[in-house]
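**Q** Sequence and predicted model, in that order:
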Amino acid sequence: MPSLEEELFPSTPGKFKIDRAHAINRQFNRCFASTSTMFLWALFLIALTASYLSFQSFVDSGSRYFSASWGGIQWEKQVRNSAQIHRSGGMSVLVTGAAGFVGSHVSLALKRRGDGVVGLDNFNNYYDPSLKQARKALLNSHNVFIVEGDVNDARLLAKLFDVVAFSHVMHLAAQAGVRYAMENPHSYVHSNIASLVTLLEACKSANPQPAIVWASSSSVYGLNEKVPFSESDQTDQPASLYAATKKAGEEITHTYNHIYGLSVTGLRFFTVYGPWGRPDMAYFSFTRNILQGKPITIYRGKNGVDLARDFTYIDDIVKGCVGSLDTAGKSTGSGGKKRGPAPYRVYNLGNTSPVTVPTLVGILERHLKMKAKKNVVDMPGNGDVPFTHANISLARRELGYKPTTDLQTGLKKFVRWGSL
Ligand SMILES: O=C(O)[C@H]1O[C@H](OP(=O)(O)OP(=O)(O)OC[C@H]2O[C@@H](n3ccc(=O)[nH]c3=O)[C@H](O)[C@@H]2O)[C@H](O)[C@@H](O)[C@H]1O
């Protein structure tokens, strides 16, 4: 039996037309002998076709307007209100991925000090969207409006820049997760490459052009062995598709900086953790499993060496993001044309003290007062790197970035948040 979709949209449209034409012909010969009847029926068919075509165009335009969850006078008012600046010298920031982990924290921090903030998020289901809705509710209670939409929607972006002359864009929307790239590679291309280009196109055409700060990743260092990782180190050996899309993002933003005069700052985040975090990350899923008495899997590197990460607490990352926005020079272009050189910057935002995964588990066990059921296995070839370690001298010098929370303290805050 043909599916509803096949019935509505036959797979061979040409055949459909021919069959229908034959059928109409047969009907035609059988029923209409006289010329005048034929003429009347011809008129009828023309009218029928015309009304079908206008109905189709109504449906097309309708699906565009009715399915969108944005637009309209009330919506524009909410966007404008949210973007209003309440301090002298403040900025108006479009935060993409505002219902995400880092996005929600940065949005709140900016709003609290009086900057205008408009969020944008597609609320996808990479992890439980109810957590994103809860973050949204928190932001709403602080008068941050989150537009529900995709960064790939060029019409939406054009509309947003039409309604608000954003001075800055904090681009945090992304497909995160290193290992998930093996399951759903195209999601990384859609969210980390295609949407970045859509956003840069919108920024390039906006008047004034905003300055852009965006989330790159520590994963760009890939198989780099020089420790600690510095911004000038080699980043051409990504170990995962996630890393490759973030590295591509660094190259793509450079192009827009070079051609259109967009001010760009890329931030290489090092395994960010904390309250309101991402449930797919190890510290979060380990905590949940330990509490539920379920086993956890700990990956071990080559020759039995423990994996290590430069885990960085969310509040420190927020300070780095805000510092980047505050020091971002202006974009120079207008009318889609470059008028002079604009800043292009890349910074590590890490903690500078890597901790092994078994140590992380030990800290969690102490905070939770429960023992983990550990299942230690060799690291599968899934894009993981053995360790990360940030050199943050550049961010310290130029952004005033100074992480202050160690893993012990940060995980305590996370566990306390989780038990609320
Ligand atoms: O800095 C980044 O740029 C990235 O940081 C984060 O990636 P990772 O450093 O891989 O964090 P995370 O998954 O918490 O695994 C931590 C450790 O636990 C190990 N790990 C993980 C899962 C598991 O079941 N067992 C295990 O041992 C695992 O092998 C690893 O050694 C972000 O998710 C990513 O989006 C990106 O932002």
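**A** Here it is on my side, so go on.

**Q** For the stretch 151-300 of the chain, what lies in contact range of the ligand?
**A** Taking C-beta under 6 Å from any ligand atom, the part of the stretch 151-300 of the chain that reaches the ligand is made up of 176-178, 217-219, 269-271, 281-282, 297-299. (C-beta placed from N, C-alpha, C; glycine too.)

**Q** out of the residues you listed, which are inside helices?
**A** Mapping those onto helices (DSSP state H) picks out residue 282.

**Q** Now which of the residues of the stretch 151-300 of the chain next to the ligand would you call buried?
**A** Buried by 16 or more other C-beta atoms under 10 Å: 176-178, 217-219, 269-271, 281-282, 298-299, out of those.

**Q** if we can go back for a sec, could the residues of the stretch 151-300 of the chain next to the ligand go into JSON lines alongside pLDDT and distance to residue 152?
**A** What follows is those, written out as JSON lines (pLDDT from 0 to 100; distance: C-beta to C-beta, whole Å):
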{"residue": "176", "pLDDT": "98", "distance to residue 152": "17"}
{"residue": "177", "pLDDT": "97", "distance to residue 152": "19"}
{"residue": "178", "pLDDT": "96", "distance to residue 152": "22"}
{"residue": "217", "pLDDT": "98", "distance to residue 152": "20"}
{"residue": "218", "pLDDT": "98", "distance to residue 152": "25"}
{"residue": "219", "pLDDT": "98", "distance to residue 152": "22"}
{"residue": "269", "pLDDT": "99", "distance to residue 152": "22"}
{"residue": "270", "pLDDT": "98", "distance to residue 152": "27"}
{"residue": "271", "pLDDT": "98", "distance to residue 152": "27"}
{"residue": "281", "pLDDT": "98", "distance to residue 152": "25"}
{"residue": "282", "pLDDT": "98", "distance to residue 152": "29"}
{"residue": "297", "pLDDT": "98", "distance to residue 152": "34"}
{"residue": "298", "pLDDT": "98", "distance to residue 152": "37"}
{"residue": "299", "pLDDT": "97", "distance to residue 152": "33"}
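
**Q** Which members of the residues of the stretch 151-300 of the chain next to the ligand define the maximum pairwise distance?
**A** Maximum pairwise distance in those, criterion C-beta to C-beta, is 23.8 Å, between 269 and 297.

**Q** show me where the stretch 51-200 of the chain has helices.
**A** Listed in chain order, the helices of the stretch 51-200 of the chain (DSSP state H, counting those that start in this stretch) span 73-83, 101-112, 129-141, 154-163, 185-188, 195-205.

**Q** Point out the most buried one among the ones you listed.
**A** Mean neighbour count (mean count of other C-beta atoms under 10 Å) peaks for helix 101-112 among these, with a mean of 23.

**Q** roughly how far out does it sit from the chain middle?
**A** On the basis of C-alpha atoms, centre = their mean, to the nearest Å, helix 101-112 sits 15 Å off its chain's mean C-alpha point.

**Q** Also stretch 199-215?
**A** Distance, stretch centre to chain centre, for stretch 199-215: 15 Å (C-alpha atoms, centre = their mean).

**Q** Please save the CA atoms from it in CSV.
**A** Output in CSV follows, covering the C-alpha atoms of stretch 199-215 (Å, rounded to 0.1, in the frame of the first residue of the first chain):
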residue,chain,number,x,y,z
LEU,A,199,25.8,33.4,11.0
LEU,A,200,28.9,35.0,9.5
GLU,A,201,26.9,35.9,6.4
ALA,A,202,24.3,37.6,8.5
CYS,A,203,27.0,39.4,10.6
LYS,A,204,28.9,40.5,7.5
SER,A,205,25.7,42.1,6.0
ALA,A,206,24.6,43.7,9.3
ASN,A,207,24.9,47.4,9.8
PRO,A,208,26.7,48.0,12.0
GLN,A,209,28.7,44.7,11.9
PRO,A,210,28.9,43.1,15.3
ALA,A,211,32.1,41.8,16.9
ILE,A,212,31.9,38.0,17.2
VAL,A,213,33.2,35.8,20.0
TRP,A,214,32.6,32.1,19.5
ALA,A,215,33.3,28.7,21.0
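
**Q** which stretch of helix or strand covers residue 330?
**A** Using DSSP states H and E, no element contains residue 330; it sits outside every helix and strand.

**Q** typed the wrong thing, it's residue 259
**A** Here residue 259, judged by DSSP H and E, is contained in helix 241-260.

**Q** Quick check: which ranges of this structure have low pLDDT?
**A** Applying pLDDT under 70 to the chain picks out residues 1-68.

**Q** let's go with 90 and repeat that
**A** Along the chain, the parts satisfying pLDDT under 90 run over 1-69, 335-336, 381-382, 419-420.

**Q** Show me where it has its strands.
**A** Ranges of strands in the chain, per DSSP state E, are 92-96, 116-121, 145-148, 168-171, 211-217, 264-269, 272-273, 295-300, 308-309, 312-313, 344-349, 355-356, 373-378.
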